[in-house]
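[1] sequence plus predicted model, see below.
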Amino acid sequence: MSNENLDPDSKGLWNRARMICISMMQGDEKRTRAERNFSMIQSVAREGDTFKIFTLNKLSSERFEKEYGEDLRKSFLLAGADSSVKIEITFDETAKHEIVIEKKEEQPAKPAASHEKTETFISTMPLKEYYTFEEFVEGPSNSYVFAAAKGVAKNPGAKALNPLFIHGGTGLGKTHIMQAIGNEIKRTYPKYAVCYLTAEALLNEYVNALTQGRIHDFRERYRKIDVLLIDDIQFIAKNMQNFQEEFFNTFNALTNADKQIVLTSDVPPKDIPGIEERLISRFEGGMLQEVESPGYETRLAILKKKSEGMDPPIRDTTLKFIAANIKSHVRAMEGALSKVNIYANLDPKMQMTDANLANILKDFIEKEKSRKKLTIDEVKNCVCRKYGVTLEQILSTERTQSIVTPRQLAMFISRKFTTRSLPEIAKHFEKSHATIIHGVKNITNRLDVDPELKQTLEEILDELGFTMGDMVDGNM
């Protein structure tokens with residue numbers, strides 16, 4: 001996203017309004033969706049009292065207006081904008097949103113790049129300019145990942161780091177570190193074609209190419225880039241076999257040409273359900289790194305970094321309160337920090353005492369406490385009561401639908417509404433990691449088309465003291 005058309009004051013106002021709007025979204029899933037939608041804004045310009053926000057096309061501008069228009073207008077006021085300021089969500093029909101793979105000039109180190117001008121490559125998800133190594137907070141939970149990422153950026157395509165496969169829970173910085181790699185490579189190797197997108201976006205492009213009879217164009221396009229960054233690669237497994245075949249061949253073509261590949265996933269390669277063994281072998285053939293939940297000192301450092309430039313300034317005592325009470329993941333901490341900043345702007349005279357902070361962040365703190373208290377045993381027992389099945393049946397290998405549904409629903413709730421790790425959940429259900437992931441995915445897909453199942457889930461959550469907005473992991 002480009003802010004090149006904004007003066008420093010307008011850029012600061014836009015960044016504050018964007019952050020406030022995202023933090024206003026209720027629940028991790030909606031905040032994650034908002035972050036991605038905002039990241040796909042093409043540019044922002046100011047003309048007098050009007051901020052013009054340019055999206056990719058007419059359809060995307062209409063969707064953005066419908067989903068975020070009103071909230072964004074409120075956010076500008078909360079960010080300190082004058083009441084005369086207006087926003088216009090639009091698109092530029094003349095703009096070409098593309099990355100051109102140009103003829104290479106002399107550059108340092110690898111990878112070996114194409115020497116002929118190729119077709120234009122359409123970028124589906126632009127890199128966020130503020131995702132850099134400098135903005136990433138290193139700590140014991142991510143130091144190895146950070147070192148590997150910097151190694152990739154310094155020498156893209158090096159055998160020992162290709163591919164770089166980063167895995168870990170939601171909200172721990174996987175996307176940040178991946179895009180930091182892309183931004184650093186673009187800075188160091190300005191002629192290299194760097195492509196960032198999600199596995200789901202890649203699948204959509206593949207399906208479109210297939211239906212339009214342009215699979216050759218798709219293949220050529222992706223095999224002529226220099227750095228391929230794919231988020232949420234676990235979603236590659238839920239789809240067609242032909243797609244995995246195509247991705248396998250593209251993967252080989254790029255790595256054989258010393259082109260860099262970086263992948264992120266919620267789980268390690270071997271725990272992605274339905275994925276071919278040969279892809280697992282390729283994913284594990286370079287550098288495999290896990291991002292873990294940050295400890296207190298790292299959480300505090302992250303909050304200090306995120307609070308830089310906030311107006312009014314956030315006191316250290318406030319940051320320490322958030323770091324001590326919000327532990328589940330970084331995204332929750334950022335949401336809490338944004339909420340405190342909003343209240344500080346609404347009432348500059350408010351003293352940020354522990355009592356006031358506890359009241360402001362009541363919803364965040366209650367979620368943290370509930371996640372700690374809710375056990376997998378409580379989930380299993382509640383589901384058993386609802387469906388009239390026994391615990392033995394839930395833990396068995398019985399495959400009848402009357403048992404599979406409650407079993408997978410219990411897995412889904414355990415994964416989404418507790419902070420228990422995959423190994424812990426797998427142990428409680430006496431199943432493999434892959435079985436747990438498959439069960440969660442199956443329920444996730446069914447909830448979109450089965451209102452009865454969704455109602456049952458909501459009734460179980462109500463008995464446990466939760467709502468759908470309380471998900472720990474909104475991406476899986």
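    Right, received. Where do you want to start? Because the structure is predicted, anything quoted here is derived from the model rather than measured.
[2] ends of stretch 167-183, how far apart?
    With C-alpha to C-alpha, to the nearest Å as the measure, the ends of stretch 167-183 fall 20 Å from one another.
[3] against residue 147, how distant is residue 220?
    35 Å (C-beta to C-beta, to the nearest Å). All C-beta spots, glycine's among them, are computed from the backbone N, C-alpha and C.
[4] now residue 153
    Counting by C-beta to C-beta, the gap from residue 153 to residue 147 is 11 Å.
[5] who has more neighbours, those two?
    Taking neighbours as other C-beta atoms under 10 Å, residue 153 and residue 147 compare with residue 153 leading, 23 against 13.
[6] isn't the more buried one right up against residue 181?
    Yes: taking C-beta atoms under 8 Å as the definition, residue 153 is a contact partner of residue 181 at 5.0 Å.
[7] quick one, strands of the stretch 201-350 of the chain?
    For the stretch 201-350 of the chain, the strands defined by DSSP state E, counting those that start in this stretch cover 227-231, 260-265, 287-290.
[8] any idea which of these gets closest to residue 66?
    Residue 66 lies closest, by C-beta to C-beta, to one member of the strands of the stretch 201-350 of the chain: strand 227-231, at 24.9 Å.
[9] orientation of the closest one relative to strand 260-265 in degrees?
    Using axes from the mean of the first three to the mean of the last three C-alpha atoms, to 10 degrees, the direction of strand 227-231 lies 0 degrees away from that of strand 260-265.
[10] helices or strands up against strand 227-231?
    helix 174-188, strand 194-198, helix 199-211, strand 260-265 (3 or more C-beta pairs under 8 Å, 6 or more residues apart in numbering; DSSP states H and E).
[11] what about 6 Å?
    The contact analysis (3 or more C-beta pairs under 6 Å, 6 or more residues apart in numbering; DSSP states H and E) places strand 227-231 against helix 174-188, strand 194-198, strand 260-265.
[12] partners of the shortest one in the sheet?
    If I follow you right, that is strand 194-198. Sheet pairing here is set by DSSP bridges, and for strand 194-198 it gives strand 227-231 (parallel).
[13] how far is the strand it pairs with from where the chain is centred?
    How far strand 227-231 lies from its chain's middle: 13 Å, per C-alpha atoms, centre = their mean, to the nearest Å.
[14] on that earlier part again, please identify the deepest-packed of the helices and strands packed on strand 227-231.
    strand 260-265 (a mean of 26; mean count of other C-beta atoms under 10 Å).
[15] tell me how far that one lies from the chain's centre.
    With C-alpha atoms, centre = their mean as the basis, strand 260-265 stands 14 Å off its chain's centre.
[16] helices or strands up against it?
    For strand 260-265, the packing partners by 3+ C-beta pairs under 6 Å, 6+ apart come out as strand 164-167, helix 174-188, strand 227-231.
[17] among the ones you listed, which is nearest residue 270?
    Ranking the helices and strands packed on strand 260-265 by distance to residue 270, with C-beta to C-beta as the measure, places strand 164-167 first at 10.4 Å.
[18] name the residues of the closest one that are buried.
    Residues 164, 165, 166, 167 are the ones in strand 164-167 that count as buried (16 or more other C-beta atoms under 10 Å).
[19] and those, which is closest to residue 275?
    When the buried residues of strand 164-167 are ranked by distance to residue 275 (C-beta to C-beta), residue 165 comes first, at 12.3 Å.
[20] look up phi and psi at residue 417.
    Main-chain dihedrals, residue 417, degrees, to the nearest 10: phi -120, psi 10.
[21] what's the nearest residue to it if we skip its chain neighbours?
    Leaving aside its sequence neighbours, residue 417 sits nearest to residue 466 (C-beta to C-beta, 6 or more residues apart in numbering; 5.4 Å).
[22] cool, and residue 298?
    With sequence-adjacent residues excluded and distances taken as C-beta to C-beta, 6+ apart, residue 298 is closest to residue 139, at 3.0 Å.
[23] repeat for residue 331
    Closest residue in space to residue 331, ignoring its immediate chain neighbours: residue 171 at 3.4 Å, by C-beta to C-beta, 6+ apart.
[24] ok, that neighbour touching residue 330?
    Yes: look at residue 171 against residue 330 with C-beta atoms under 6 Å: they come within range, at 5.1 Å.
[25] excluding sequence neighbours, find me the nearest residue to residue 151.
    Nearest to residue 151 is residue 161, by C-beta to C-beta, 6+ apart, at 5.4 Å.
[26] same question, residue 458
    Nearest-residue entry for residue 458: residue 468, 6.6 Å, with adjacent residues in sequence omitted and distances by C-beta to C-beta, 6+ apart.
[27] remind me, longest helix of this structure?
    Determined from DSSP state H, the single longest helix within the chain is helix 58-78.
[28] for that helix, buried residues please.
    60, 61, 64, 65, 68, 69, 72, 73, 75, 76, 78.
[29] reformat these as JSON lines; add pLDDT and distance to residue 224.
    Output for these, formatted as JSON lines (pLDDT from 0 to 100; distance: C-beta to C-beta, whole Å):
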{"residue": "60", "pLDDT": "76", "distance to residue 224": "26"}
{"residue": "61", "pLDDT": "83", "distance to residue 224": "31"}
{"residue": "64", "pLDDT": "88", "distance to residue 224": "31"}
{"residue": "65", "pLDDT": "90", "distance to residue 224": "36"}
{"residue": "68", "pLDDT": "90", "distance to residue 224": "35"}
{"residue": "69", "pLDDT": "89", "distance to residue 224": "38"}
{"residue": "72", "pLDDT": "90", "distance to residue 224": "38"}
{"residue": "73", "pLDDT": "89", "distance to residue 224": "42"}
{"residue": "75", "pLDDT": "85", "distance to residue 224": "40"}
{"residue": "76", "pLDDT": "88", "distance to residue 224": "42"}
{"residue": "78", "pLDDT": "79", "distance to residue 224": "45"}
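[30] going by distance to residue 411, which of those wins?
    Within the buried residues of helix 58-78, the smallest distance to residue 411 is 33.0 Å, found for residue 68 (C-beta to C-beta).
[31] next one: that closest one from residue 85, what distance?
    Counting by C-beta to C-beta, the gap from residue 68 to residue 85 is 16 Å.
[32] so residue 46 is in which element?
    Counting by DSSP states H and E, the element that carries residue 46 is strand 43-47.
[33] tell me the domain boundaries of this protein?
    Taking automatic domain parsing as the domain assignment, the ranges for the chain are 2-91, 99-290, 296-371, 375-470.
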